[in-house]
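*Asks:* Return a 3D structure for these sequence lines:
(chains A and B)
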Amino acid sequence: MSTSSQHQFRYTQTPSKVLHLRNLPWECIEEELKELCEPFGKIVNTKCNVGANRNQAFVEFADLNQAISMVSYYASSSEPAQVRGKTVYIQYSNRHEIVNNKGPGDVPGNVLLVTIEGVEAGDVSIDVIHLVFSAFGFVHKIATFEKAAGFQALIQFSDAETASSARNALDGRSIPRYLLPDHVGSCHLRISYSAHTDLNIKFQSYRSRDYTNPYLPVNPTAIEGLIQPTIGPDGKKKEFGSNVLLASIENMQYAVTVDVLHTVFSAFGTVQKIAIFEKNGQTQALIQYPDVTTAAIAREALEGHCIYDGGYCKLHLSYSRHTDLNVKAFSDKSRDYTIPDPSLLGAQVPATAWQNPQAAAIYPGTVSTTAQVPGGQMPSWDPTMQAVRPGFVPAPGTFPAQTYAAPPIPAYYPKALPAASSPIAQTSPITRAPNSMGITQPGISPSGNLQPSSASPTGHVSSPLAQTSSLAQGVVQPNARPGGMSPPGHRRYYG
DNA sequence: AGCACA
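*Replies:* Okay, the predicted model is just below:
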């Protein structure tokens, strides 16, 4: 009983066509294995990302002598075998062939199967998933579900190349903390390929989305699902949805104006009215949407997020008892966007036009430039989709009065637009510690140039939060094009 | 840094 375990250290190993490689970087991909081994012979099979740390691999040569030549070469070489600068240790495997190399999940396809470990289904919204994966290309569809393996999502890209770039960059990574509820510990993504090629999404709902077909009906029971989770965990605080959100603003180091709130909350639909007030020394605000659904989506997406980088102006959202606010139309603490600005009635541009460029474009149905997706099919990125981007504001003077009419489609649809880059990639633990709202990209910190309290006449709004939603920002972000570059960061770990 | 679980 004392000697049996000693066999694992074999100083004399039987040569095998199969080599065991360890101390690989966990990101190692098959191509890198081949690159390393091909000089010694023909590779007939590989298996990488093996083991708990995903840092081992197997390579099978066509011929035993090829494997022997590789082992003996590095046994006497002064230069060790390396992948991404890491020394790789090579031995004969104790098996003579690689079995089951290509499981179903290893066959590349355009649909990824993502398992989100360590979370409940309600912890990660579909919007967060969309944000994370949009960094690699246009996400066509997402379906989420719960299986024995945990919370899973199927994510459909245009093609296998895009899907694999997302897989290679995100497999094993975590969704940043600031995109998750506080109670979630680490949550790792395990990504494989699905055998699906085209997901059949029947409704826009809290568990599935079809971003190629914004006109897909909203599943009414799915809307319930959005509102239900707001019931307190203890069950005693039963909240019902309302079209009016109550926002408490924590750690308010910087001014939060009506305009800022409007920018942030407009990302999810038409904001009708806003009122800011003080209660118990804390700043609160009421934000009125046309309907409960829009409010629910905004609440879901913004709860716990900070308006400004650095943990400033953290939002806590609940449903108000109000359904229709009675506020002054134009004061510094309130705004009624349903009333046209009388001072500008004669002018070409309504007051809200420059303050809220996104308000009009949110609803494609009201904007003539909007592209209807034919048949709901969009095989690849279609630039006309940008018509629904906030950047596509109709020319001044074309602002129709019905801009604030009831939206013809679910208001959260625009949130589904591709994000600039993956928050995961942006906040790698190596290069940058995740902060409260680390996805504030273009240098809009409170200490920066842009004053949070001012809305620029050009329509460029000053909310990083809004930019994160890829919505309230009136500017098309240069790297936001799906199918474009990989996000910065995922190549950073060479060396 | 020491062998794969589909």
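*Asks:* which outside residues touch the longest helix along chain A?
*Replies:* The residue-count maximum for a helix in chain A (DSSP state H) belongs to helix A:64-76. If you take CB atoms under 8 Å, 6 or more residues apart in numbering as the criterion, helix A:64-76 is touched by A:15-19, A:37, A:40-42, A:61, A:80-81, A:90-92. In short, each C-beta sits where N, CA and C put it, glycine included.
*Asks:* go with 6 Å
*Replies:* Here helix A:64-76 makes contact (CB atoms under 6 Å, 6 or more residues apart in numbering) with A:15, A:17, A:19, A:40-41, A:61, A:81, A:90.
*Asks:* and those, which are buried?
*Replies:* A:17, A:19, A:40-41, A:61, A:81, A:90 (16 or more other CB atoms under 10 Å).
*Asks:* Next, give me the two most distant ones among these.
*Replies:* Pairwise distances across the buried ones among the contacts of helix A:64-76 peak at 17.4 Å for A:Lys17 and A:Ala81 (criterion: CB to CB).
*Asks:* Please point out which parts of stretch A:115-127 sit buried.
*Replies:* Applying 16+ other CB under 10 Å to stretch A:115-127 flags A:116, A:119, A:121, A:123-127 as buried.
*Asks:* with those in mind, which one is nearest to DNA strand B?
*Replies:* A:Ile116 (16.6 Å; CB to the nearest atom of the strand).
*Asks:* Just the pLDDT for the nearest residue to that closest one once chain neighbours are set aside.
*Replies:* Excluding the flanking residues, the one nearest A:Ile116 by CB to CB, 6 or more residues apart in numbering is A:Phe151, at 4.8 Å. With respect to pLDDT, A:Phe151 has a value of 92.
*Asks:* A:Phe151: how many residues sit nearby?
*Replies:* Counted with other CB atoms under 10 Å, residues neighbouring A:Phe151 total 21.
*Asks:* same check, this time on A:Lys86
*Replies:* By other CB under 10 Å, the residues close to A:Lys86 number 18.
*Asks:* So it is in contact with A:Pro25, correct?
*Replies:* Yes: using CB atoms under 6 Å, A:Lys86 is in contact with A:Pro25, at 5.3 Å.
*Asks:* quick one: which of the buried residues of stretch A:115-127 sit in strands?
*Replies:* A:Ile116 (DSSP state E).
*Asks:* picking up where we left off before, ok, the residue nearest to A:Ile116 to DNA strand B distance?
*Replies:* Look at A:Phe151 and DNA strand B: by CB to the nearest atom of the strand, to the nearest Å, they are 17 Å apart.
*Asks:* Specify the local secondary structure of that residue.
*Replies:* Under DSSP: H, G, I helix; E, B strand; the rest coil, the three-state class of A:Phe151 is strand.
*Asks:* On the strand side of things, show who it bridges to.
*Replies:* Legend: beta-bridge partners of A:Phe151 under DSSP bridges are A:Ile116, A:Glu146.
*Asks:* so it touches A:Val119, yeah?
*Replies:* Yes: here A:Phe151 reaches A:Val119: they are 5.5 Å apart, a contact under CB under 6 Å.
*Asks:* got a pLDDT number for A:Lys273?
*Replies:* For A:Lys273, pLDDT reads 96.
*Asks:* contacting residues for it?
*Replies:* Going by CB under 6 Å, 6+ apart, A:Lys273 touches A:288, A:325, A:327, A:336.
*Asks:* Of the residues you listed, which is the nearest to DNA strand B?
*Replies:* The nearest one, if we look at the contacts of A:Lys273 relative to DNA strand B and count by CB to the nearest atom of the strand, is A:Gln288, at 49.8 Å.
*Asks:* Give the burial count for the closest one, as a bare number.
*Replies:* Here the count is done by other CB under 10 Å, and A:Gln288 has 26 residues near it.
*Asks:* Next, give phi and psi for it.
*Replies:* phi -100, psi 130 (degrees, to the nearest 10).
*Asks:* is the closest residue to A:Val107 other than its chain neighbours in a bridge, and if so with what?
*Replies:* Excluding the flanking residues, the one nearest A:Val107 by CB to CB, 6+ apart is A:Tyr193, at 5.7 Å. Per DSSP bridges, the residues bridged to A:Tyr193 are A:Leu112.
*Asks:* ok, A:Leu170 touching A:Cys187?
*Replies:* No: with contact defined as CB under 6 Å, A:Leu170 and A:Cys187 do not form a contacting pair (12.0 Å).
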